[in-house]
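J.: Here's a sequence, model it:
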Amino acid sequence: MFDLEKIIEFDKQLLLMLNGSESLYWDGVMSVYTTTVVWIPFALALVYLLIKNNSIMNFVVLLLMIALVITLTDGITSTICKPLFARFRPTHDPDIMYMVDVVNNYRAYKYGFMSSHAANSFGVAVFVMLLVRHRLLSVSVTVWALINCYSRIYLGVHYPGDILCGALVGILCGALVYRLYSFISDKMRRNYNGWVSDNYTKTGYSVSDVHFMLMVLFGTFALIPVFAFITLHNKFI
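T.: Sure thing, here's the model as predicted:
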């Protein structure tokens with residue numbers, strides 16, 4: 001039988017090991033990375049990929065499915081689990097709140113179990129991976145989700161346990177919603193019976209369109225450190 005107190009104590013110690021740094025630059029990088037607005041181009045690239053490779057009806061269904069993933073992950077983590085478990089975020093936990101590195105006085109709402117950032121990121125990532133079936137895209141969106149999760153630990157607003165449980169919820173919701181999409185789309189599906197050309201993924205998505213989406217993702221990865229540097233530079237002018 002597991003000892004919950006020891007698990008919680010380990011979670012706190014792990015958080016203190018992984019949280020923050022002595023670098024104002026990396027503080028800026030993680031602050032930018034965790035914002036929603038910086039990922040708008042990536043979201044638009046995903047919409048472009050979906051609309052280019054699906055009928056209008058199927059595209060609408062896919063948008064509804066992605067919205068359902070986010071509704072489920074956010075509902076389970078933020079609406080149900082956070083008030084139910086009422087576990088303080090590290091930045092609000094009386095035991096360690098003064099030991100946590102806080103960036104720009106960002107402390108977030110007081111309860112943090114489970115992480116909605118982790119759930120949302122992994123929910124969308126898993127759905128997209130199962131939908132498109134392109135190896136580099138799968139690896140890339142996994143890395144995107146993992147860094148998004150780590151940024152929350154770095155900023156001190158989530159314990160690793162919050163992240164792990166949130167990610168598991170996201171993975172489960174993404175997979176279940178994809179199964180639902182597969183069931184709904186059986187009669188709407190494009191009649192391709194497997195694409196022979198290397199120009200398409202196993203599920204019929206244009207590789208060139210996938211590469212465009214990856215270019216936007218990698219471009220955002222590259223620009224985030226630049227935005228962080230500009231923000232830091234302006235702060236000290």
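J.: How confident was the prediction at S182?
T.: Here, the pLDDT recorded for S182 equals 93.
J.: Next one: it from W39, what distance?
T.: Separation of S182 from W39 (Cβ to Cβ, to the nearest Å) stands at 26 Å. Glycine gets a C-beta too; all of them are placed from N, C-alpha and C.
J.: Comparing those two, which residue is more hemmed in?
T.: With neighbours defined as other Cβ atoms under 10 Å, S182 and W39 compare such that W39 has more, 19 against 13.
J.: Any regions of this protein where pLDDT drops low?
T.: 1, 187-197, 233, 235-237 (pLDDT under 70).
J.: Distance from the biggest helix by length in it to the middle of the chain?
T.: Ordering each helix of the chain by length in residues (DSSP state H) puts helix 207-235 first. Mean-position distance between helix 207-235 and its chain equals 16 Å (Cα atoms, centre = their mean, to the nearest Å).
J.: Buried ones in stretch 66-83, by neighbour count?
T.: Across stretch 66-83, burial judged by 16 or more other Cβ atoms under 10 Å covers 66, 68-74, 76-78, 81-82.
J.: just stretch 137-152 next, same as before
T.: By 16+ other Cβ under 10 Å, the buried positions in stretch 137-152 come out as 137-138, 140-141, 144-152.
J.: Please apply the same query to stretch 16-30.
T.: For stretch 16-30, by 16+ other Cβ under 10 Å, it's 19-20, 27-30.
J.: between those, which is nearest F221?
T.: V29 (10.5 Å; Cβ to Cβ).
J.: Can you name the residues in contact with the helix or strand that that closest one is a member of?
T.: For V29, the host element (DSSP states H and E) is helix 24-33. Defining contact as Cβ atoms under 8 Å, 6 or more residues apart in numbering, one finds that helix 24-33 is touched by 20-21, 38, 103-104, 106, 147-148, 151, 154-155, 224-225, 227-229, 231-232.
J.: again with stretch 57-77
T.: The list of residues contacting stretch 57-77 from outside it, by Cβ under 8 Å, 6+ apart, reads 47, 50-51, 54, 114-116, 119-120, 122-124, 127, 131, 166, 169-170, 173-174, 177-178, 180-181, 184-185, 188-190.
J.: starting at the chain centroid, how far to stretch 158-167?
T.: Once both centres are worked out by Cα atoms, centre = their mean, stretch 158-167 turns out to sit 12 Å from its chain's centre.
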